[in-house]
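Chemist: Pasting the sequence and the predicted coordinates here, then a few questions.
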Amino acid sequence: MVTPTESIKWKRRPLSTMGQTYKALNFEESVLCSPTQYFKRYIPDDLFTSIAAYTIIYALQQGKSSFNLPMYWDTSLKVNVFWENISRDRFLELRTNLHLVNNLEKPPENKDKFYKFRPVYTAIRKRCSDLPIEENVCVDEGIIPFTAKFTAKQCVRGNQVHGESMSSCCVESVLLFQVLKSQGINAVGTVRQNRFGKNLPFSDDKTIMKQTRGYCEEITSADEITMCKWLDNRPIVLCSNFVGKGSVDEVELWNKKHHKYVKVERSEIVRKYNHAMGGVDLFDQLISSYIVFIRSRKWSCV
């Protein structure tokens, strides 16, 4: 049962029941594959066959009858993978006419802004659905820097980054935790306090900043959704449908003021969150190493 945000009554009390943790089957990758093999698991060959067919259809619609042009790549650079496999003009023609769908088959009522790219999303989603379910699944979102006009573009205030938001799910309100709980899925994540209603019975940030690092307040709703405000270098709000403040342990964290590690009390909800979110840090690190700034809607202008 889902309770509207404005109807939820939060009280200062601990979570009364702890959710059962899913135990995943043990699995290991028996054979280490090449990057190309991993890529083909998500983007299969039949998708490239469809791309080739729709590219030819679009080229014919634009009055192009053939891709067989006489000129080849300049061999002075000696990049064999280019000039031994495809001519320069053929590549430019393919780049200009590249399509994943047939424009004439688009339904008139279709409002999908990603219609022309949807086959790639579908292929990746299908592959992800086939993967074994792990015990801890970490979900995050990222911004692809993009400055051209596009209806899905967003601006991240504070970072001054414009781009397209790419995510699997977003912690927008208590509704997500309620729905996941109804499906037997445990969830924990950092949240924005203002998305969970007004006048929550938390102390304000100024009051909490006067407390010792590691201080934690917990509030819980009638349907056993809990929120904790934990003090690190600043107050952090976490929400969960299966774990609250729970058992407290100590962890060593860096103190910028005294330039040394100090022991800080850590609530169970923080411990569960930190244990499962390592994949996000690795993902962000890899993305930052290969980031591409896109300034045009034309895919080749990167």
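Modeler: Nice, I can see it.
Chemist: quick one: buried residues of whichever strand or helix holds residue 274?
Modeler: Taking DSSP states H and E as the criterion, the element that holds residue 274 is helix 268-276. Of all the residues in helix 268-276, those buried under the rule 16 or more other CB atoms under 10 Å are 268, 269, 270, 271, 272, 273, 276. Placement of C-beta: from N, CA and C, glycine included.
Chemist: Could you give the average pLDDT over it?
Modeler: For helix 268-276, mean pLDDT rounds to 88.
Chemist: Same check on stretch 107-122?
Modeler: If you average the pLDDT over stretch 107-122, you get 87.
Chemist: which of the buried residues of helix 268-276 sit farthest apart?
Modeler: For these, with distances taken as CB to CB, the pair at the greatest spread is 268 and 276 (12.9 Å).
Chemist: quick one: which helix or strand includes the nearest residue to residue 276 once chain neighbours are set aside?
Modeler: The spatial neighbour of residue 276 that comes closest, neighbours along the chain excluded (CB to CB, 6 or more residues apart in numbering), is residue 136 at 3.9 Å. Applying DSSP H and E as the criterion places residue 136 outside every helix and strand.
Chemist: Which helix or which strand is home to the nearest residue to residue 16 once chain neighbours are set aside?
Modeler: Using CB to CB, 6+ apart and skipping residues adjacent in sequence, the residue nearest residue 16 is residue 224, 6.6 Å away. Here residue 224, judged by DSSP H and E, is contained in no helix and no strand.
Chemist: who's in contact with residue 224?
Modeler: By CB atoms under 8 Å, 6 or more residues apart in numbering, residue 224 lies in contact with 15, 16, 17, 181, 241.
Chemist: got it, and residue 92?
Modeler: By CB under 8 Å, 6+ apart, the contact list for residue 92 is empty.
Chemist: so it sits in a strand?
Modeler: No - using DSSP: H, G, I helix; E, B strand; the rest coil, the secondary structure at residue 92 is helix, not a strand.
Chemist: any idea how far it is from residue 84?
Modeler: As defined by CB to CB, to the nearest Å, residue 92 lies at a distance of 17 Å from residue 84.
Chemist: cool, and residue 268?
Modeler: The separation that residue 268 has from residue 84, given CB to CB, amounts to 60 Å.
Chemist: Residue 237 and residue 189 touch, don't they?
Modeler: No - with contact defined as CB atoms under 8 Å, residue 237 and residue 189 do not form a contacting pair (10.0 Å).
Chemist: max-length helix in the protein?
Modeler: helix 45-61 (DSSP state H).
Chemist: Can you work out which other helices and strands pack against it?
Modeler: With contacts defined as 3 or more CB pairs under 8 Å, 6 or more residues apart in numbering; DSSP states H and E, helix 45-61 has these neighbours: helix 88-97, helix 118-130.
Chemist: What count of nearby residues applies to residue 288?
Modeler: Residues within reach of residue 288, counting by other CB atoms under 10 Å, total 9.
Chemist: Any idea what residue 249 is bridged to?
Modeler: Taking DSSP bridges as the rule, residue 249 bridges to residue 266.
Chemist: I'm done for today, thanks for sticking with me.
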